[in-house]
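**Student:** Fold the following for me, if possible:
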Amino acid sequence: MRALPASRWVRPTLPLLAGALPALAFPAPSLWWLAYAALVPWLLMLRAAPTGRAAAVSGWLGGTGFMLAMHHWLMPSLTVFIVVLAALLGLLWAPWGWLVHRMLGNGAGGGRLAAAVVLIPSGWLMAELVRSWEYLGGPWGLLGASQWEVRPALRLASVGGVWLVSFVVVAVNTALAALLASPRARRGAVVTLLVTGVLTGAVWAWAPGPEHHGGRRIAVVQIGETASRQERFARGEQLTRELAGRGADLVVWGESSVGFDLNSRPDLVRRLAGLSRLTGAPLLVNVDAQRSDRPGIYKSSVLVDEDGLTGQRYDKMRLVPFGEYIPARSALSWATSVGRAASEDRQRGTKPVMMRANGLPFGPLICFETAFPDMSRHLVAEGAQVLVAQSSTSSFQHSWAPGQHASLAALRAAETGRPVVHATLTGVSVLAGPDGERVGERLGTERSTATVSEVPLATGETLYVRFGDWVVRVALTALVAFAAVEAARALRSRRSRDEVTLPAPARR
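**Tutor:** From the prediction side, this is the model:
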């Protein structure tokens with residue numbers, strides 16, 4: 001059998017690898033600085049593609065590689081189905097591939113580069129925005145989220161959310177690609193990089209930040225891996241007793257920490273109320289069980305004080321596709337036979353809930369929901385002084401997922417100017433202050449313990465909370481304007497061709 005030419009398999013493999021490269025900027029590798037150049041190989045491939053169609057195919061392949069790299073830890077759960085999902089989501093980068101080829105190809109000069117550093121990041125944002133829809137998997141691995149440790153980037157997030165950070169990162173990559181491959185645009189590329197640096201520095205120095213105002217002591221109980229729901233509850237009790245006399249204002253257990261419906265288990269409610277009296281603080285537990293008052297399984301944040309159930313309850317609204325429900329289950333139920341997909345769909349909550357503990361207003365989020373910037377922004381706009389996220393990564397303990405999930409606390413804190421408590425059943429528990437800086441002790445995946453940290457509170461309103469996703473609106477406007485210009489140009493070109501091909505009038 002004759003071997004296939006190397007180009008037959010190298011050509012599609014290179015975009016896949018180039019698209020996967022930015023994943024190294026996220027935890028666990030955490031090579032955050034790589035994000036500012038990680039797109040350059042992919043951009044150069046798209047620029048050099050022979051046609052716009054070929055660039056679109058390379059955009060699709062690169063997007064598939066990026067999705068596979070960012071979600072590789074799902075392979076044990078979804079097996080080969082993850083490849084299908086990645087390929088479908090990768091299609092979102094096909095138009096972006098064509099756009100890169102259009103803006104950077106054919107010896108682009110300074111004028112076209114000026115448009116490219118706006119349009120190429122705008123096109124990237126559209127791909128991120130569409131795949132951020134909860135039914136397509138949600139906003140896991142947005143490029144800007146890789147900068148959660150970089151203080152100037154966190155300040156950018158306070159102005160325009162994670163979208164502004166993604167925009168800046170892609171703009172820098174675009175300028176670097178032009179600097180390397182477009183001699184006519186090199187001066188413009190240098191100017192772009194300098195202007196980007198100056199503007200980022202100006203935002204860091206002058207953008208309004210949160211004003212620290214007092215603090216509260218918040219305890220996190222990380223139960224760790226256990227063999228049963230009974231053992232899980234008992235371990236939570238044991239660890240919470242260690243918090244007696246430590247002055248906590250709120251005690252937070254992780255996601256799925258209670259595997260029983262508390263409405264039908266008054267004995268467990270009494271035990272939790274006893275813990276509240278012992279510690280002097282309300283307990284925010286997380287129930288993952290069949291409800292007795294309505295059909296279906298819900299994941300719920302439930303507040304318990306010394307008198308028992310307070311009536312404050314939040315039911316998770318945004319569920320993990322395949323992990324907590326199967327989209328179009330009647331057609332895709334076979335997914336349960338090839339991976340660890342949900343055997344029974346969880347039910348959705350209908351609205352966000354503000355809770356109050358010892359006079360502290362806080363907004364609960366459950367696991368996957370911390371990836372959505374709009375949810376935390378809404379809670380803060382409604383008056384939340386703290387965002388409390390309950391999570392569990394028990395299925396992915398030894399992967400990159402726990403670290404990536406925990407890193408979102410810093411980003412959400414910086415966007416909203418409010419501290420974030422990320423408490424896990426198993427995983428990585430962290431607390432982030434209003435500026436996104438870490439507060440207290442980081443609890444790794446191997447820990448089973450309880451800690452108390454002084455969490456600084458803040459007043460004031462970030463520009464992102466005030467104006468919302470304005471970066472996305474600007475990006476969409478820029479792309480619509482570009483499409484209008486391209487359509488007008490194509491129409492003029494067609495008219496010119498028609499005039500040239502009109503037959504000459506007959507002589508008489």
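**Student:** switch to C-alpha atoms for all contacts and neighbour counts from now on
**Tutor:** Will do.
**Student:** how is this protein carved up into domains?
**Tutor:** The chain resolves into domains spanning 8-207+469-495, 211-317+352-460 when parsed by automatic domain parsing.
**Student:** out of these, which comes closest to Gly323?
**Tutor:** Each of the domains of the chain was scored for nearness to Gly323 using Cα to Cα, and the closest is domain 8-207+469-495 (8.4 Å).
**Student:** Can you list the low-confidence ranges for this protein?
**Tutor:** 1-8, 328-343, 498-508 (pLDDT under 70).
**Student:** where along it do the strands fall?
**Tutor:** In order along the chain, the chain carries the following strands (DSSP state E): 211-222, 250-253, 283-290, 297-305, 308-315, 355-357, 360-366, 386-391, 420-424, 429-432, 438-443, 449-459.
**Student:** Point out the most buried one among those.
**Tutor:** Comparing these by mean neighbour count (mean count of other Cα atoms under 10 Å), strand 420-424 comes out on top with a mean of 30.
**Student:** got the angle for that one vs strand 449-459?
**Tutor:** Strand 420-424 and strand 449-459 are oriented at 160 degrees to each other (axes from the mean of the first three to the mean of the last three Cα atoms, to 10 degrees).
**Student:** so what secondary structure elements neighbour strand 420-424?
**Tutor:** Taking 3 or more Cα pairs under 8 Å, 6 or more residues apart in numbering; DSSP states H and E as contact, the helices and strands that strand 420-424 lies on are strand 211-222, strand 250-253, strand 386-391, helix 401-416, strand 429-432.
**Student:** Of the ones you listed, which is nearest Arg112?
**Tutor:** Each of the helices and strands packed on strand 420-424 has some distance to Arg112 by Cα to Cα; the shortest is helix 401-416, at 32.3 Å.
**Student:** Which strands and helices lie in contact with that closest one?
**Tutor:** Against helix 401-416 (3+ Cα pairs under 8 Å, 6+ apart) you get helix 151-181, helix 373-381, strand 420-424, strand 429-432, helix 463-467.
**Student:** Quick one: these as TSV, columns for distance to Gly280 too.
**Tutor:** Converted to TSV, the helices and strands packed on helix 401-416 look like this (distance: least, Cα to Cα, whole Å):
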stretch	distance to Gly280
helix 151-181	35
helix 373-381	26
strand 420-424	19
strand 429-432	21
helix 463-467	33
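**Student:** re the thing from before, just send the domains of the chain back as CSV, with distance to Arg346 too.
**Tutor:** Formatted as CSV, the entries for the domains of the chain read as follows, by distance: least, Cα to Cα, whole Å:
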stretch, distance to Arg346
domain 8-207+469-495, 14
domain 211-317+352-460, 5
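**Student:** Of all those, which one is nearest Pro327?
**Tutor:** Nearest to Pro327 among the domains of the chain is domain 8-207+469-495; the distance by Cα to Cα comes to 7.7 Å.
**Student:** so how far is that closest one off the chain centroid?
**Tutor:** Remark: domain 8-207+469-495 is offset 16 Å from the chain centroid, using Cα atoms, centre = their mean, to the nearest Å.
**Student:** if we compare the helices and strands packed on strand 420-424, which one ends up closest to Leu129?
**Tutor:** Of all those, it is helix 401-416 that lies closest to Leu129, at 16.9 Å by Cα to Cα.
**Student:** So what's the residue count around Thr350?
**Tutor:** Burial measure for Thr350: 11 neighbouring residues, criterion other Cα atoms under 10 Å.
**Student:** still on that earlier bit, so for Thr462, which of the helices and strands packed on strand 420-424 sits nearest?
**Tutor:** helix 401-416 (6.0 Å).
**Student:** so the closest one versus strand 386-391, what angle?
**Tutor:** 160 degrees.
**Student:** Trp400 is in contact with Ala28, isn't it?
**Tutor:** Yes. In this structure, Trp400 is within contact of Ala28 by Cα atoms under 8 Å, at 5.3 Å.
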